[in-house]
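when you get a sec, could you give me coordinates for this:
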Amino acid sequence: MITADKLRKEFKKTVKEPGLKGSIKSLFKPKTEKVTAVRDISFEVAEGEILGFIGPNGAGKSTVIKMLTGILTPTSGSCTINGKNPVKNRKSYVKEIGVVFGQRTQLWWDLPLRETYGVLKEIYEVPDDSYKKRMAFLNEVLELDDFISSPVRTLSLGQRMRADIAASLLHSPKVLFLDEPTIGLDVVVKDNIRRAIEHINSREKTTVILTTHDLADIEQLSKRIVMIDKGSKVFDGTIAALKAEYGQIRELSFETGTPNAVKTLDYTGHFKLGADDLSLEGEGKSVKVRFNSAAVPVSDMLSYTLGKISVSDISVKDADIEEIIRRLYEQGVDG
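This is a model prediction of the structure:
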């Protein structure tokens, strides 16, 4: 459904020297430098797949999304969505995609939500019968009935986000781009929106590209992720593969009655571990140790811990995806 082939985007940035002299000089003889926001990124997304597209701030995620949606033209490389070029086939292409930017809205601020959908119906040329069926489906999935007669400006953030997602799906797009769809929302609303996205994807086979900093969204909705950093792709694969390749961090948690347990447990000296392989934190009777199980087997960590202090409760678990990705960002990964 989606093919990105060596996508590259370069911008020209004006460099101004300090002071009044620099301002005058940049006005008449501006000095520019080239900034590469995206570096030859390639990936494919199958029909009906939900792809998690992640990376730190400034990594180039939004630039890639803007090229895929046709807002920006690539400097080089190409992309096709359902066989169409987003720039060359602009008019026919936009009828096949839905886009939601979490910090921006496509809704009319002062219009009641119902009238906003009526305007979008005409823009997308949705037939009356199809529109009625579509609104019934969106009401069922996103629970719009409680506020569909209210002006958009009166909606809460959670209601507005559900309304925006409904607006992006009104014309039954084949591809849905979601950029931070749960930003700023409370846990209950986030969960409702995730379930709605899952339902739409499973029922209609809508292809979804999900960009988010909330990794709970990724773990619940996506089986595969593409991770970029500094404009380059650094990982493309399933979450299971990410954990298998980089997820050797384990978390040992226990309750102890031993005073100053954190000072008693000298994991670093005993196992000769560096800061990348171990972190230790304690609060009251609770102690949490994150360690690299490739450097120290779990059995050795347990034996050492139980031999040094008294423990009333203990558990070992795999590090979650957030911990794995945090370490990748800190250490850097060669693409």
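
what residues does the longest helix seen in the chain touch?
Counting residues, the longest helix found in the chain (DSSP state H) is helix 187-204. With C-beta atoms under 8 Å, 6 or more residues apart in numbering as the test, helix 187-204 has contacts from 48, 50, 141-143, 158, 161-162, 165, 169, 172, 176, 178, 181-182, 185, 206, 208, 210, 214, 216-217, 220-221. Heads up, the C-betas are built off the backbone N, CA and C, glycines and all.

select only the buried ones of those in ChimeraX?
This is how ChimeraX selects the buried members of the contacts of helix 187-204, with burial counted by 16 or more other C-beta atoms under 10 Å:
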select :50,141,142,158,161,162,165,169,172,176,178,181,182,185,206,208,210,214,216,217,221
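
before we move on, back to that, what lines up beside the next helix or strand after the longest helix of the chain in the sheet?
Under the assignment DSSP states H and E, the closest C-terminal helix or strand after helix 187-204 is strand 207-211. Sheet pairing of strand 207-211 (DSSP bridges) gives strand 50-54 (parallel), strand 175-179 (parallel).

which other helices and strands does the helix or strand encompassing Asp217 contact?
Assigned by DSSP H and E, Asp217 falls within helix 215-221. Where contact means 3 or more C-beta pairs under 8 Å, 6 or more residues apart in numbering; DSSP states H and E, helix 215-221 is packed against strand 50-54, helix 187-204, strand 207-211, helix 321-331.

if we can go back for a sec, buried residues in the longest helix of the chain?
For helix 187-204, a neighbour-count test (16+ other C-beta under 10 Å) marks 189-190, 192-194, 196-197, 200-201 as buried.

relative to Thr211, how far out is Val226?
Remark: distance between Val226 and Thr211 (C-beta to C-beta, to the nearest Å) = 10 Å.

could you name every residue contacting both of the two?
Residues touching both Val226 and Thr211 by C-beta under 8 Å, 6+ apart: 53-54.

buried ones in the one helix or strand Ile65 maps to?
Taking DSSP H and E as the definition, one finds Ile65 inside helix 61-68. By 16+ other C-beta under 10 Å, the buried positions in helix 61-68 come out as 61-68.

just stretch 283-294 next, same as before
For stretch 283-294, burial by neighbour count (16+ other C-beta under 10 Å) applies to 287, 289-293.

let me see the ranges of the strands in the stretch 151-300 of the chain.
Secondary structure of the stretch 151-300 of the chain by DSSP state E, counting those that start in this stretch: the strands cover 175-179, 207-211, 224-229, 232-238, 249-256, 278-283, 286-292.

quick one: least confident helix or strand in the chain?
Scoring the helices and strands of the chain by mean pLDDT, DSSP states H and E places helix 321-331 at the bottom, with a mean of 68.

beta partners for Leu51?
Residues in a beta bridge with Leu51, per DSSP bridges, are Ile209, Arg224.

measure it to Ile324 for me?
Counting by C-beta to C-beta - Leu51 and Ile324 are separated by 18 Å.

between these two, which has more neighbouring residues?
Neighbour count, other C-beta atoms under 10 Å: between Leu51 and Ile324, Leu51 has more, with 23 against 20.

if we ignore the residues flanking it in sequence, what's nearest the most centrally placed residue in the chain?
Centroid-nearest residue in the chain, with C-alpha atoms, centre = their mean: Thr212, separated by 2.1 Å. Spatial nearest neighbour of Thr212, excluding adjacent residues (C-beta to C-beta, 6 or more residues apart in numbering): Glu180 at 5.6 Å.

can you tell me the SS state at the residue nearest to Thr32 when sequence neighbours are not counted?
Nearest residue to Thr32, sequence neighbours excluded (C-beta to C-beta, 6+ apart): Lys12, at 4.7 Å. With DSSP: H, G, I helix; E, B strand; the rest coil as the basis, Lys12 sits in strand.

OK, contacts around Lys12?
The contact partners of Lys12, by C-beta under 8 Å, 6+ apart, come to 32-35.

give me the buried subset of those.
Among these, none scores as buried (criterion: 16+ other C-beta under 10 Å).

quick revisit: now do the longest helix of the chain against strand 175-179, angle only.
Here helix 187-204 points in a direction 160 degrees away from that of strand 175-179 (axes from the mean of the first three to the mean of the last three C-alpha atoms, to 10 degrees).

where do the domain boundaries of the protein fall?
Structurally, the chain divides into domains by automatic domain parsing as follows: 2-7+40-243, 248-318.

which residues does Gly48 contact?
Neighbouring residues of Gly48 by C-beta under 8 Å, 6+ apart: 1, 201, 205-207.

Asn82 versus that one, what's the distance?
Plainly put, Gly48 is 12 Å away from Asn82 if you go by C-beta to C-beta.

find residues that contact each of those two.
Taking C-beta under 8 Å, 6+ apart as the contact rule, Gly48 and Asn82 both touch Met1.

alpha carbons only: can I get stretch 6-20 in CSV?
Written as CSV, here are the backbone C-alpha positions of stretch 6-20 (Å, rounded to 0.1, in the frame of the first residue of the first chain):
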residue,chain,number,x,y,z
LYS,A,6,15.3,6.6,-0.7
LEU,A,7,13.3,9.6,0.5
ARG,A,8,15.5,12.6,1.1
LYS,A,9,14.6,16.2,2.1
GLU,A,10,17.0,19.1,2.2
PHE,A,11,16.2,22.7,3.3
LYS,A,12,18.2,25.9,2.9
LYS,A,13,18.7,27.8,6.1
THR,A,14,19.8,31.4,6.2
VAL,A,15,22.8,32.0,8.5
LYS,A,16,22.9,35.5,10.0
GLU,A,17,26.0,37.0,11.5
PRO,A,18,25.5,38.8,14.9
GLY,A,19,24.7,42.5,15.3
LEU,A,20,23.3,45.2,13.0
